[in-house]
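Visitor: curious how this folds, go ahead:
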Amino acid sequence: MAFPLPSRLEAVLFAGGEAFAKKRLMTLLAVSSEELDAAIEELHAALDGSGLSVVTVADMVELRTSPEAAADIQALRESELSRDLGKASLETLALILYKGSATRGDIDWVRGVNSGTAIRALLLRGLIERVEDAADKRRALYRPTVDALAHLGVTSLSELPRFNELSQMLAAEDAKQEQALTATDA
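Guide: Sure thing, here's the model as predicted:
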């Protein structure tokens with residue numbers, strides 16, 4: 001029995017964790033525009049009364065929490081914000097500060113573990129922001145916010161302890177890694 005298209009759509013939206021253009025969904029799922037629209041409607045109906053909903057704005061589709069769950073989600077966010085940043089979040093913030101910006105893959109590679117939870121905690125607190133990577137539009141960069149600098153009591157990155165030394169060390173390591181990848185491709 002084939003996996004139903006609305007279930008496939010739900011899985012892709014959940015795993016992606018962001019809004020998708022309908023055109024991209026059509027390519028990923030290998031379906032027509034009509035089939036995708038029908039699957040969106042079917043998924044919307046299936047999720048009615050649950051904690052999730054499908055939100056469609058223009059040609060963008062995203063899986064979000066239902067408006068009815070807003071109070072519970074607010075309580076969750078407030079409880080997360082009331083806790084101190086853990087070691088993993090501080091490591092992640094330091095890496096982003098000293099690199100200036102970093103992809104999730106960069107962060108995971110340096111830390112040696114999955115940094116998704118730490119990134120989420122920093123995003124929720126407004127200490128980092130997610131921006132599109134100009135070099136590769138398929139991935140995102142995380143960079144520090146002005147709030148992060150204010151939280152640390154500095155007005156620029158150069159005021160961070162050992163900023164020049166550590167940022168140069170990270171840049172040199174990035175260059176070595178890039179060189180190794182280039183040598184592998186040759």
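Visitor: other SSEs contacting the worst-scoring helix or strand of the chain on mean pLDDT?
Guide: Within the chain, no helix or strand scores below helix 70-82, which has a mean of 75 by mean pLDDT, DSSP states H and E. If contacts are counted by 3 or more CB pairs under 8 Å, 6 or more residues apart in numbering; DSSP states H and E, helix 70-82 sits against helix 116-124. To be clear about C-beta, it is placed using only N, CA and C from the backbone, and glycine gets the same treatment.
Visitor: could you give me the buried positions within the helix of greatest length in the chain?
Guide: Criterion DSSP state H: the longest helix present in the chain is helix 163-185. Of all the residues in helix 163-185, those buried under the rule 16 or more other CB atoms under 10 Å are L166, S167, L170.
Visitor: return the closest of the residues you listed with respect to L149.
Guide: For those, the residue nearest L149 by CB to CB is S167; the value is 14.7 Å.
Visitor: need the residues that contact the longest helix of the chain.
Guide: L95, Y98, K99, G100, D106, L157, S158 (CB atoms under 8 Å, 6 or more residues apart in numbering).
Visitor: now the buried residues of helix 163-185 in TSV, with distance to L123 and pLDDT?
Guide: Below are these laid out as TSV (distance: CB to CB, whole Å; pLDDT from 0 to 100):
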residue	distance to L123	pLDDT
L166	23	87
S167	22	86
L170	21	83
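Visitor: which among those residues gets closest to D37?
Guide: Among these, and counting by CB to CB, the member closest to D37 is L170, at 46.1 Å.
Visitor: just the strands in the protein please.
Guide: Under the criterion DSSP state E, the chain carries strands at the ranges 20-21, 52-57, 60-65, 102-103, 128-132, 140-144.
Visitor: contact partners of the first one?
Guide: The list of residues contacting strand 20-21 from outside it, by CB under 8 Å, 6+ apart, reads V12, L13, L28, D59, M60, V61, E62.
Visitor: can you give me the pLDDT of the residue nearest to the fourth one when sequence neighbours are not counted?
Guide: Read that as D59. Spatial nearest neighbour of D59, excluding adjacent residues (CB to CB, 6 or more residues apart in numbering): K22 at 4.7 Å. Per-residue pLDDT puts K22 at 94.
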